[in-house]
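Asks: show me the folded form of this:
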Amino acid sequence: MIRRRFGVCILAVLGVSTLPGCGPKLTMEQMKEMRPKRPAELDRLNMFVGKWDGTGDAKFMGLDETLKTKGTSQTAWDCDGWYLVEHGEFEMGDMGRMHGLGVWTWDAKAKKYRMWWFDNWGATGTGTAEYDESTKTWSMNSKAAGPMGSMAGRGVVKMVDDKTVEWTWTEWPGWDLFHAFKVAEMKGTNKKK
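Replies: This is a model prediction of the structure:
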């Protein structure tokens, strides 16, 4: 039994080690042609590019008062225009300052926008977004982990005009499949500088 397994392992190693020589030879031009073109869907994200000032309100479960929020963000293209990167800094009342990093891109295979979020409060999140041209709104869903545990989030960003967006965001515990226990509810307006 051991000899048989050893023999199979030797044959597998030999087979894998000869694979690189079996592939076709490519020219530099052929390699360049294999590089994907930047998806046109990424251009839709241009509406977020720039410097923004924002204000809003935030309600958290267990906290009686509504927090006034304000902040600034800078959003720009990176990696030759394949990723939209946002750096933000926000004041959340007595809770203090939050620094966050957001990334957006287009997933051509899944045909959806993908997003990631990281901040100095220890939160990390991933999500998807869809744009409705007729209403000029983005609908977003996310899953995140942070100091309060696993969370699910849903939000809407409405493009009021070229320099104004109105947004809402709601979060629930990750285990709350029916979204019955709101942990956070936020809304606000951002203006392009």
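
Asks: got any ranges where this protein has weak pLDDT?
Replies: 1-21 (pLDDT under 70).

Asks: any idea whether the residue nearest in space to the middle of the chain is helix, strand or coil?
Replies: The residue lying closest to the centre of the chain (C-alpha atoms, centre = their mean) is Met115, at 1.4 Å. Following DSSP: H, G, I helix; E, B strand; the rest coil, Met115 is assigned to strand.

Asks: need the contact partners of stretch 155-167.
Replies: Applying C-beta atoms under 8 Å, 6 or more residues apart in numbering, the contact partners of stretch 155-167 are 47, 52, 56, 135-140, 142, 168-170, 186-192. In this view, the C-beta of every residue, glycine as well, is placed from N, C-alpha and C.

Asks: that stretch: which residues count as buried?
Replies: 155-157, 159, 165, 167 (16 or more other C-beta atoms under 10 Å).

Asks: ends of that stretch, what's the gap?
Replies: End-to-end distance of stretch 155-167 (C-alpha to C-alpha, to the nearest Å): 7 Å.

Asks: quick one: distance of it to the chain centre.
Replies: 18 Å (C-alpha atoms, centre = their mean, to the nearest Å).

Asks: what does stretch 170-188 give?
Replies: 18 Å.

Asks: how about stretch 88-98?
Replies: With C-alpha atoms, centre = their mean as the basis, the mean position of stretch 88-98 lies at 20 Å from the chain mean.

Asks: and if you look at stretch 186-193?
Replies: Going by C-alpha atoms, centre = their mean, where stretch 186-193 is centred and where its chain is centred differ by 19 Å.

Asks: list the buried ones in that stretch?
Replies: 186-188, 190, 192.

Asks: now for these: which two are most distant?
Replies: Within the buried residues of stretch 186-193, two members stand farthest from each other by C-beta to C-beta: Met186 and Lys192, at 19.7 Å.

Asks: what residues go with each domain of the chain?
Replies: 2-34, 43-192 (automatic domain parsing).

Asks: so can I have JSON lines of the buried residues of stretch 155-167 showing secondary structure and distance to His87?
Replies: Converted to JSON lines, the buried residues of stretch 155-167 look like this (DSSP: H, G, I helix; E, B strand; the rest coil; distance: C-beta to C-beta, whole Å):
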{"residue": "Gly155", "secondary structure": "strand", "distance to His87": "19"}
{"residue": "Val156", "secondary structure": "strand", "distance to His87": "23"}
{"residue": "Val157", "secondary structure": "strand", "distance to His87": "18"}
{"residue": "Met159", "secondary structure": "strand", "distance to His87": "21"}
{"residue": "Val165", "secondary structure": "strand", "distance to His87": "17"}
{"residue": "Trp167", "secondary structure": "strand", "distance to His87": "17"}
